[in-house]
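**Q** Everything below, folded, please.
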Amino acid sequence: MTTSAGEVIRAKQVAVAAGIVSFSYVPPVFRTLPDTLLSHSSQHSDLSGFKGRKVAVVGAGASALDIAALLKDAGCDAELVARTEAIQFHNPPNEPRPLLQRVMEPRSGLGIGWRSRMCTDIPLVFHAMPESLRLRWSQSIWGPRLAGSPGMPWKAGCPCIWA
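**A** Numbers count the residues shown, from 1 in each chain. You can find the predicted model right below:
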């Protein structure tokens, strides 16, 4: 990688966090709120402006938990609001699975299936595939997922971040 200052950085491994800006969603019930009281987590790269404030983070997925933790780190009183009794990213594994199912749909660090398994076990083969095929696979097996549930309660006068 070459930085904007011209410095060349080499790495054996690189993690890319592409983000979900294209998939941001704000439920209709919140869309009439002014920008001073509502924003989406994808709009924030610096949370220092929330320091000392109370913020409701609406959602129950990874983005909601991440932004709530980052707000706490920034000195904010963040409250997670969700319509669920338990927060889960994915269902826990239902082991033991039948042998045939384990062969047909192996588990990997990215999920279930041979494509996910290939990407974790032999990533350089995945990397060497044509870009169009890599993109098609990425979109079909790890596509966007809505983290929270629409229609969450909102506290009047409290800035709210939909995550």
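**Q** Doesn't residue 124 lie inside a helix?
**A** Yes. The assignment for residue 124 by DSSP: H, G, I helix; E, B strand; the rest coil puts it in a helix.
**Q** so what's it up against?
**A** Residues near residue 124 by C-beta atoms under 8 Å, 6 or more residues apart in numbering: none. Glycine gets a C-beta too; all of them are placed from N, C-alpha and C.
**Q** do residue 71 as well
**A** Contacts for residue 71 (C-beta under 8 Å, 6+ apart) come out as 47, 50, 55, 57, 78, 161.
**Q** what is the mean pLDDT for stretch 129-137?
**A** For stretch 129-137, mean pLDDT rounds to 84.
**Q** Give me the buried positions along it.
**A** Neighbour counts over stretch 129-137 (16 or more other C-beta atoms under 10 Å) mark residue 137 as buried.
**Q** what's the answer for stretch 68-77, then?
**A** Buried-residue list, stretch 68-77, by 16+ other C-beta under 10 Å: 68, 70, 71, 74, 76.
**Q** could I get these as JSON lines with secondary structure?
**A** Below are the buried residues of stretch 68-77 laid out as JSON lines (three-state DSSP):
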{"residue": "68", "secondary structure": "helix"}
{"residue": "70", "secondary structure": "helix"}
{"residue": "71", "secondary structure": "helix"}
{"residue": "74", "secondary structure": "coil"}
{"residue": "76", "secondary structure": "coil"}
